[in-house]
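# return a 3D structure for these sequence lines:
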Amino acid sequence: MFGKKSSLIGLDIGSYAVKIVHLMEAKGTYRLKDLGIAQLPPSVIVEGAIKDPDEVQAAIKKLVTNLKTKVKGVATSIAGWSVIIKKVDLPQMSEEELSENIQLEAEQYIPFNVEDVNIDFQILGSSEDKPDRMEVMLVAAKKEVIDDYVTLIRKAGLAPQIVDVDFFALENAFEANYDAIESGGVALVDIGATKMNINVLKNGVSMFNRDASIGGYQITEDIQQRFGLEYEEAEKVKLGMTSEKVPVQDLEAIFVSAATGWSTEVKRAIDFFYATYPEETIGQILLSGGSSRLPGLDSLFNKDTNIPVAYFNPLAKIDFDTKVFDQQYVDYIAPQVAVAVGLALRRVGDR
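Model prediction:
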């Protein structure tokens, strides 16, 4: 959202883990240079707000040291309550005119004081039924949250160059790796530890987006509460460790309950999309985020929405050395680093 086009580290600071991706560009193609993930303790980041900057700094520093990366420039992103994304209908004007008037135009759509936010926009094109008006994607992010991320990254020894939004980073990763889907739009569904984002794209343009405060942490929390476990043990059980305290059938019931809730939320969002755009179709759902790997989630989404479902591979068209990066590991981890890949595709000087 703010700022030679040199490469940057894509740094995704999530509530569960810190992810780093570095891509090298040559002759229009990208090659994976660095990839790493460091888990964070619980509750150090809550709904996008940094609660324990020292823990996050330590994780970033350790990850950078382990990867031995020399690049200091960073593209990062924010999400959660501090970010508002809305498609709005405005009078036709040039990009320069809108830049001059954006605060005034945005005021009626943003539930924050416009003095407290950074505002950006993307002109999507003319309104279909109103040639004198245009559709604009409006983005507003709380300055204090941006400042917290910038300060944190600087204290970790890096140089923040771009602060983006998760929503756009995912779009960026998709556009770099996938061709247009002929059977309609695509729904990018990103499920993290504490949030789910649903973004419907058609021809590279976002038509609809929705956030929900649900994710993998609710499974860990449920295991903790039902079986009296500490966070670390509950997290290991969720990830596959067997425990005498947790019967397999009870664990499966927790998984099914969470997956059903997530699927219901996705179906509700898609039904709303179809009600808003009755002439449009969604040809595919692509799943990303660490919590999207819940066994059987893709089949459940397919059953409930009647739309083909696949896992989002943000490295589909990105080369990497199989002597450096294990193919199985890359395939497994790819959906979890989708935001980081989208950020790593950014360059210094990008808007």
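
# got a list of what the most centrally placed residue in the chain touches?
Centroid check for the chain by Cα atoms, centre = their mean gives residue 166 as the closest residue, at 3.9 Å. Listed by Cβ atoms under 8 Å, 6 or more residues apart in numbering, the contact set of residue 166 reads 12, 77-79, 190, 197, 339. For the C-beta atoms, the positions are set from N, CA and C on the backbone; glycine is no exception.

# ok, 7 Å please
77, 79, 197, 339 (Cβ atoms under 7 Å, 6 or more residues apart in numbering).

# highest neighbour count among those residues?
Counting neighbours by other Cβ atoms under 10 Å, residue 339 leads the contacts of residue 166 with 33 neighbours.

# sorry, back to before: tell me the pLDDT of the closest residue to the residue nearest to the centre of the chain other than its chain neighbours.
Take residue 166 and drop its neighbours on the chain: the residue closest to it by Cβ to Cβ, 6 or more residues apart in numbering is residue 79, 4.1 Å away. pLDDT, residue 79: 88.

# phi, psi of residue 79?
phi -160, psi -180 (degrees, to the nearest 10).

# ok, it touching residue 48?
Yes - taking contacts as Cβ atoms under 7 Å, residue 79 lies within contact range of residue 48: 5.2 Å.

# can you list the low-confidence ranges for the stretch 251-351 of the chain?
The stretch 251-351 of the chain contains residues with pLDDT under 70 at 351.

# mind listing the helices for it?
Ranges of helices in the stretch 251-351 of the chain, per DSSP state H, counting those that start in this stretch, are 297-305, 327-333, 338-344.

# next, format those as CSV and append distance to residue 225.
Listed next are these as CSV, based on distance: least, Cβ to Cβ, whole Å:
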stretch, distance to residue 225
helix 297-305, 22
helix 327-333, 29
helix 338-344, 29
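
# and those helices: which comes nearest residue 42?
helix 338-344 (20.1 Å; Cβ to Cβ).

# any low-confidence regions in the stretch 101-250 of the chain?
Applying pLDDT under 70 to the stretch 101-250 of the chain flags the ranges 181-183.

# kindly report the domain assignment for this structure.
The chain is divided into the following domains under automatic domain parsing: 1-81+143-178+316-351, 179-312.

# mind putting those domains in CSV, distance to residue 114 included?
Formatted as CSV, the domains of the chain follow (distance: least, Cβ to Cβ, whole Å):
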stretch, distance to residue 114
domain 1-81+143-178+316-351, 11
domain 179-312, 21
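
# please name whichever of those domains is nearest to residue 118.
Closest to residue 118 of the domains of the chain, according to Cβ to Cβ: domain 1-81+143-178+316-351, at 5.5 Å.

# what are the buried residues along stretch 131-147?
For stretch 131-147, the neighbour count (16 or more other Cβ atoms under 10 Å) marks 133-142, 145-146 as buried.

# which among those residues gets closest to residue 226?
Comparing those against residue 226 with Cβ to Cβ places residue 145 closest, at 33.7 Å.

# any chance of JSON lines for the buried residues of stretch 131-147, columns distance to residue 56 and secondary structure?
Listed next are the buried residues of stretch 131-147 as JSON lines, based on distance: Cβ to Cβ, whole Å; DSSP: H, G, I helix; E, B strand; the rest coil:
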{"residue": "133", "distance to residue 56": "43", "secondary structure": "strand"}
{"residue": "134", "distance to residue 56": "39", "secondary structure": "strand"}
{"residue": "135", "distance to residue 56": "37", "secondary structure": "strand"}
{"residue": "136", "distance to residue 56": "33", "secondary structure": "strand"}
{"residue": "137", "distance to residue 56": "29", "secondary structure": "strand"}
{"residue": "138", "distance to residue 56": "29", "secondary structure": "strand"}
{"residue": "139", "distance to residue 56": "23", "secondary structure": "strand"}
{"residue": "140", "distance to residue 56": "24", "secondary structure": "strand"}
{"residue": "141", "distance to residue 56": "18", "secondary structure": "strand"}
{"residue": "142", "distance to residue 56": "18", "secondary structure": "strand"}
{"residue": "145", "distance to residue 56": "13", "secondary structure": "helix"}
{"residue": "146", "distance to residue 56": "15", "secondary structure": "helix"}
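
# need those in JSON lines (columns: distance to residue 104).
As requested, the buried residues of stretch 131-147 are arranged in JSON lines below (distance: Cβ to Cβ, whole Å):
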{"residue": "133", "distance to residue 104": "16"}
{"residue": "134", "distance to residue 104": "16"}
{"residue": "135", "distance to residue 104": "18"}
{"residue": "136", "distance to residue 104": "13"}
{"residue": "137", "distance to residue 104": "18"}
{"residue": "138", "distance to residue 104": "12"}
{"residue": "139", "distance to residue 104": "16"}
{"residue": "140", "distance to residue 104": "13"}
{"residue": "141", "distance to residue 104": "18"}
{"residue": "142", "distance to residue 104": "19"}
{"residue": "145", "distance to residue 104": "23"}
{"residue": "146", "distance to residue 104": "21"}
